[in-house]
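K.L.:
here are the coordinates; sequence isn't available:
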């Protein structure tokens, strides 16, 4: 029996390397690598003997068993349990070949050391700069009962025990909590409010919040605070948590405050088309000069829609059909922006035919009276160039122009005729929008078309 006790005691102090043990590293919350192993399990008899031994040695400690009533296992140790398994990770042995493998959790800002016992929290026995032994190198977690901890004893059982009721030297205990951080939006819109919170907020703690420039604190509740923005530029939020009256400043949370921008479109305001058509490229721009905050673009022009959910895709190349010659078209872009979900911009584009026209409509845009004139000489030249089998001079003297104004639904609203003299349309009663003039000369198959904008 004495020999068995010595063997069991060694199980808490050393770990024998087995060929079946395989390395399977894990990661800290900050995504730094931790050396870890998947370990071959001990035999059933050794695990039962280990449970009986440690329960007899520490009768006041509570053994945590599995569904089969067994606690001792070689698949994870104290460091694996405290830093990985208790956080939902799979069984791993951490510290197989070094006393310091678990130190990365405490050194990469995944956890923050505090002066008093927290809950929930982690415990590290021993100091990283002292000469480590198996009795001083240990990890565990706190429980809701002050002074009671849960830790895995080497290849032995998982125990809930009092601070001094353990085979480990508790001279040097350090307490840790998951590093609290300020969370929230890093892009703030002027004139709006946003709520920020503290992640990993320890129990029985308090917070003080300090806003940077252009921010005003408007309310707090628990581990959250609400701030309103009243300007633009770079700012920040500072927070300090207090645990048992000890102050722990948190990392500053940086914020960019944006004013609600306006948008405009850059590109050619005049496009010349031949008998087929041409391409034109437009870009949507913000007054801020930055596309930060843009979620999507929705373009429309010349009967062509385009959607882009990429914040940097602000270009729109569109085909301009020849049928738009002599008209105005609206190139429009609707921008889904964080600070303005209904942001939009438009640019009226005059489409000029490379072929001559004999109709002049002005002013365009128009508010009250639209003048329409026919250039008879230009009309004769056009007909001559078309080589129509007609008497040009007779046509010149007898042509009657049928001039009609349509809305964009194809409804004829106004109509007049002309022998070449100027005519006037009173459009003062028509609403703002896009309209179309059709001029029939009685000899052409298709009318001459002009797009008219009524705008006040």
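P.N.:
Alright, I've got the coordinates. Since we're looking at a predicted model, the values are computed, not measured. Numbers count the residues shown, from 1 in each chain.
K.L.:
Name the next helix or strand following the lowest-mean-pLDDT helix or strand in the chain along the chain.
P.N.:
Across the helices and strands of the chain, mean pLDDT, DSSP states H and E gives its lowest value to helix 2-13, namely a mean of 40. Going down the chain from helix 2-13, the next helix or strand is strand 22-23, by DSSP states H and E.
K.L.:
so what strands line up beside that following strand?
P.N.:
strand 36-38 (antiparallel) (DSSP bridges).
K.L.:
Buried by neighbour count: which residues of the partner strand qualify?
P.N.:
Of the residues in strand 36-38, 36-37 count as buried by neighbour count, 16 or more other CB atoms under 10 Å. All C-beta spots, glycine's among them, are computed from the backbone N, C-alpha and C.
K.L.:
Next: stretch 413-431.
P.N.:
414, 418, 425, 427, 430.
K.L.:
and if you look at stretch 23-40?
P.N.:
26, 28, 34-37, 39.
K.L.:
So which residues make contact with that stretch?
P.N.:
Contacts with stretch 23-40, where a contact means CB atoms under 8 Å, 6 or more residues apart in numbering, come from 18, 20-22, 74-76, 80, 83-84, 89, 91-94, 96-98, 101-102, 104-105, 108-110, 178-179.
K.L.:
Looking at those residues, which are in helices?
P.N.:
Here DSSP state H is the test, and those give 80, 83, 104-105 as lying in helices.
K.L.:
What strand or helix carries residue 434?
P.N.:
Using DSSP H and E, residue 434 falls in strand 433-440.
K.L.:
Same question for residue 241.
P.N.:
If you go by DSSP H and E, residue 241 is part of strand 233-243.
K.L.:
and that strand, which strands flank it?
P.N.:
Strand 233-243 has these strand partners (DSSP bridges): strand 205-211 (antiparallel), strand 246-249 (antiparallel), strand 253-258 (antiparallel).
K.L.:
Name the residues of stretch 118-125 that come out as buried.
P.N.:
118, 121-125.
K.L.:
For those residues, give me CSV that also has pLDDT, distance to residue 169 and secondary structure.
P.N.:
Converted to CSV, those look like this (pLDDT from 0 to 100; distance: CB to CB, whole Å; DSSP: H, G, I helix; E, B strand; the rest coil):
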residue, pLDDT, distance to residue 169, secondary structure
118, 91, 22, coil
121, 94, 20, coil
122, 96, 18, strand
123, 96, 13, strand
124, 93, 12, strand
125, 89, 7, strand
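K.L.:
Among the residues you listed, which pair sits farthest apart?
P.N.:
Pairwise distances across these peak at 16.1 Å for 118 and 125 (criterion: CB to CB).
K.L.:
what does stretch 351-363 contact?
P.N.:
270-275, 320, 322, 324-329, 370-376, 378-379, 381-382, 437, 439, 448, 450-452.
K.L.:
on that earlier part again, and among the strands paired with strand 233-243, the most buried is which?
P.N.:
Burial of those is given as mean neighbour count (mean count of other CB atoms under 10 Å); strand 253-258 ranks first at a mean of 19.
K.L.:
May I see the buried residues of stretch 293-303?
P.N.:
293-294, 297, 299-302.
K.L.:
Tabulate the buried residues of stretch 413-431 in TSV, adding columns for distance to residue 265.
P.N.:
Converted to TSV, the buried residues of stretch 413-431 look like this (distance: CB to CB, whole Å):
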residue	distance to residue 265
414	31
418	37
425	30
427	26
430	26
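K.L.:
ok, those residues vs residue 162, which is closest?
P.N.:
residue 430 (89.5 Å).
K.L.:
residue contacts, the closest one?
P.N.:
Going by CB under 8 Å, 6+ apart, the list of residues near residue 430 reads 413, 454.
K.L.:
again, but for residue 335
P.N.:
The neighbourhood of residue 335, defined by CB under 8 Å, 6+ apart, consists of 263, 284, 286, 294, 296-298, 343-345.
K.L.:
Out of those residues, give me the two with the largest separation.
P.N.:
Taking CB to CB, the two most distant members of the contacts of residue 335 are 286 and 298; they sit 15.4 Å apart.
K.L.:
so residue 269 sits right up against residue 346, yeah?
P.N.:
No. Contact criterion CB atoms under 8 Å: residue 269 and residue 346 do not qualify, at 11.6 Å.
K.L.:
For residue 258, give its distance to residue 236.
P.N.:
The gap separating residue 258 from residue 236 is 15 Å, by CB to CB, to the nearest Å.
K.L.:
Sorry, wrong one. I was asking about residue 97.
P.N.:
From residue 97 to residue 236 the distance is 43 Å (CB to CB).
K.L.:
what residues are up against residue 124?
P.N.:
102, 106, 138-139, 173-174, 176 are the contacts of residue 124 under CB under 8 Å, 6+ apart.
K.L.:
what bridges to residue 285?
P.N.:
residue 264.
K.L.:
Could you list the buried residues of stretch 309-324?
P.N.:
By neighbour count on 16+ other CB under 10 Å, the buried set for stretch 309-324 is 311, 314, 316, 318, 320-321, 324.
K.L.:
What are the contacting residues of it?
P.N.:
271, 273-285, 291-292, 294-297, 299, 301-304, 306, 329, 331, 333, 349, 351, 353, 451.
K.L.:
now the residues you listed: which count as buried?
P.N.:
271, 273, 277, 280, 282, 284-285, 291, 294, 297, 299, 301-302, 329, 331, 333, 349, 351, 353, 451.
K.L.:
related to what we said a few turns ago, and the furthest pair within the buried residues of stretch 23-40?
P.N.:
Pairwise over the buried residues of stretch 23-40, using CB to CB, the maximum falls at 28 and 39, 20.4 Å.
K.L.:
Mind pulling up the pLDDT for residue 134?
P.N.:
According to the prediction, residue 134 has pLDDT 52.
K.L.:
my bad, residue 89
P.N.:
pLDDT at residue 89 comes out at 96.
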